[in-house]
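>>> build me a model:
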Amino acid sequence: LLGAEKFRQGTDLYFSRHDGQAVTIDEFLSAMASVSGRNLSQFRYWYTQAGTPLLRVRSEYNATEKTLRLSVEQSCPATPESSHKEPFHIPLAVSLLGATGGELSVCLRDSVDNAQHKEHLLEVRDRMQQFVFEGVTEKPVLSLLRGFSAPVKLDYPYTADELAFLMSHDSDGFNRWEAAQQLGVQVLQKLVEKVLQKQTLTLDSKLVAAFRVLLLDETLDPAMVALMLELPSENYLAEVAVVANPVAIHQARQFARTALAHELRHALETVYHRHQPPATYQPIAEAIAHRSLKNTALSYLTLLNEKATAQLALDQYNNAANMTDASASLQALLNCDADFVTAVREKALRIFYRRWQHEPLAVNLWLQWQATCSLAGALERVKALLQHEAFDIRNPNKVRAVIGVFCSQNLVHFHAEDGSGYQFLADKVIELDAINPQIAARLLSPLTRWQKLPAANQEKMRGELQRILRSGQLSPDVYEVVSKSVSGSDANGAAVMA
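As a prediction, the model looks like this:
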């Protein structure tokens, strides 16, 4: 809102006025108001009102008048302390992209300078506002909330074609990544529905094409490309679903990743070899970016379950000069579902443990990678880890690395149809309650979030919660979480998945 220069002046004034004093946000806003001459009283609502605002944006293009009308409505959900929220002062950065992907130079009607700009910062102050852009010579694709200009949720009806366009052309890194996530959600939600309806799965060609553009564009930041190639997580897909079916979500996402690996094999192999790091390890941003993209490509290639691609992971593991490459290749081998990898995988795990067994953080990661492995037999592997010399149920970090990670991140096996994952967690909570009630209570979170799942899962999860209640004398920590969940909400009053 103030610009970099005025903001720096404001911070300088703030420190000159209050260095060494105990002050509040009011003094900070006062300094900003002093240097800018602006009234920031409405902006103060960001600090006095709870909740995350929602911006509902709609657009209407008039080819005859060459205008684009943007309608913006803001709202904020009720929170325990208040159901009525005053409008926030929200900075909304916007660009209009033309057919070639460049930002169009347009005017904002009734703006201060009435000049053409490629990016406009709209100040949303009312519950409903309209903004009109003039001189719009073609129907644009909107790039909204550029640079994440405000911590809000955005509701705009992007089509799959528009999201793919933004992924390929938007100059704003945040919006490019956000478009990739939104397109991924759209594609995966359709696949989940097909899984539930037992229909044949096919991957949307728009997602394949958009990923191919990312892989082939050598001008892009490798770190950004690596992030954009990651499909939305299973936890996030469960969070945005009306009814979350963890098994269907896993099947859909795994199908999409494997299909992408098949469709883009050549491009992935090219990227993997192109981004090999120099022989000498360098802890610098450029080298980190190259390793990130290379290892993302490797994670896709090993899904092909072929000896050639598995050999890439094995060679990288054997020759790794840093923990990043060693861990990435080991995780790739752990999730490669091919018979010829089994012996190699077990040997690699033993070698890693022998090398790093005296480094607690490395051992915790070693435990986590195995707990999150989505291949068949996950619960049996986790139970075996509990018997390993590296595990100690009295060590909270070890408990979180195995039990906590399995139950909160390995959704397809925790939510197994037979309820074995729920029974396992309930057993461990009962055991831990006598050792460390605080850890036991925190571990319960995945079991308490039953309300968003299918009825069959709900019944099994509530059954295990009731079994915990009947198990005997519970600590106050565990009793509070379980009793609240059984009565209809989790300890935070939420009804969402872990």
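
>>> what bits of the stretch 301-450 of the chain have low per-residue confidence?
Scanning the stretch 301-450 of the chain for pLDDT under 70 picks out nothing.

>>> one more time with 90, if that's ok
321-322, 337-344 (pLDDT under 90).

>>> which stretches of it form strands?
Taking DSSP state E, counting those that start in this stretch to define them, one finds no strands in the stretch 301-450 of the chain.

>>> again with the stretch 51-200 of the chain
Here the stretch 51-200 of the chain has its strands, by DSSP E, counting those that start in this stretch, at 54-62, 67-75, 90-97, 106-108, 116-117, 120-124, 128-134, 141-144, 153-155.

>>> and of those, who's closest to Trp177?
Among the strands of the stretch 51-200 of the chain, strand 141-144 comes nearest to Trp177, with 12.4 Å by C-beta to C-beta. Glycine gets a C-beta too; all of them are placed from N, C-alpha and C.

>>> quote the end-to-end distance of stretch 413-420.
The first residue of stretch 413-420 is 9 Å away from its last residue (C-alpha to C-alpha, to the nearest Å).

>>> buried residues in it, which are they?
His413, Phe414, His415, Ala416, Gly419 (16 or more other C-beta atoms under 10 Å).

>>> now do the residue sitting furthest away from the middle of the chain against Arg58, distance only.
Distance from the C-alpha centroid of the chain peaks at Thr64, with 41.3 Å (C-alpha atoms, centre = their mean). For Thr64, the distance to Arg58 equals 19 Å [C-beta to C-beta, to the nearest Å].

>>> and if you look at Pro396?
49 Å.

>>> the more surrounded of these two?
Applying other C-beta atoms under 10 Å to Pro396 and Arg58 shows that Pro396 carries more neighbours, namely 17 against 13.

>>> isn't Asn436 up against Asp392?
No. The criterion here is C-beta atoms under 8 Å, and Asn436 misses it with Asp392 at 11.5 Å.

>>> who's more crowded, the two?
Ranked by neighbour count (other C-beta under 10 Å), Asn436 and Asp392 place Asn436 first, with 18 against 12.

>>> and the more buried one, what is it in contact with?
For Asn436, the contact set (C-beta atoms under 8 Å, 6 or more residues apart in numbering) comprises Arg394, Pro396, Val399.

>>> the nearest residue in space to the first one that is not next to it in sequence and Leu260: what is the separation?
Read it as Arg394. Nearest non-adjacent residue to Arg394, counting by C-beta to C-beta, 6 or more residues apart in numbering: Ile435, 6.0 Å away. To Leu260, Ile435 is 44 Å away according to C-beta to C-beta.

>>> ok, Ile288 next?
With C-beta to C-beta as the criterion, Ile288 and Leu260 are 24 Å apart.

>>> neighbour-wise, which of those two wins?
When neighbours are counted by other C-beta under 10 Å, Ile288 and Leu260 differ, and Leu260 comes out ahead with 20 against 15.

>>> mind checking which helix or strand the more buried one is in?
Take DSSP states H and E as the rule and Leu260 turns out to sit in helix 246-263.

>>> contacts for that helix next, please.
By C-beta under 8 Å, 6+ apart, the residues outside helix 246-263 that reach it are 187-188, 191-192, 194-196, 201, 203, 207-208, 211-212, 231-232, 234, 237-238, 241, 268, 300-301, 303-304, 374, 411-412, 414-417, 453, 457, 497.

>>> try 7 Å this time
Contacts to helix 246-263, defined as C-beta atoms under 7 Å, 6 or more residues apart in numbering, come from residues 187-188, 191-192, 195-196, 201, 203, 208, 211, 231, 234, 237-238, 268, 300-301, 303-304, 374, 411-412, 415.

>>> just the angle between the helix or strand following that helix and helix 246-263, please?
Using DSSP H and E, the helix or strand that follows helix 246-263 towards the C-terminus is helix 265-274. Angle, helix 265-274 to helix 246-263, by axes from the mean of the first three to the mean of the last three C-alpha atoms, to 10 degrees: 80 degrees.

>>> which parts of helix 265-274 are buried?
Quick answer for helix 265-274 (16+ other C-beta under 10 Å): Ala267, Leu268, Glu269, Val271, Tyr272.

>>> export that helix to PDB, keeping only CA atoms.
Taking C-alpha atoms only, helix 265-274 is exported to PDB below (Å, rounded to 0.1, in the frame of the first residue of the first chain):
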ATOM      1  CA  ARG A 265       9.500 -39.600 -19.600                       C
ATOM      2  CA  HIS A 266      11.800 -38.100 -22.200                       C
ATOM      3  CA  ALA A 267      11.500 -34.600 -20.800                       C
ATOM      4  CA  LEU A 268      12.000 -35.800 -17.200                       C
ATOM      5  CA  GLU A 269      15.100 -37.800 -18.200                       C
ATOM      6  CA  THR A 270      16.500 -34.700 -20.000                       C
ATOM      7  CA  VAL A 271      15.800 -32.500 -16.900                       C
ATOM      8  CA  TYR A 272      17.300 -35.100 -14.600                       C
ATOM      9  CA  HIS A 273      20.600 -35.200 -16.500                       C
ATOM     10  CA  ARG A 274      20.700 -31.500 -17.300                       C
END
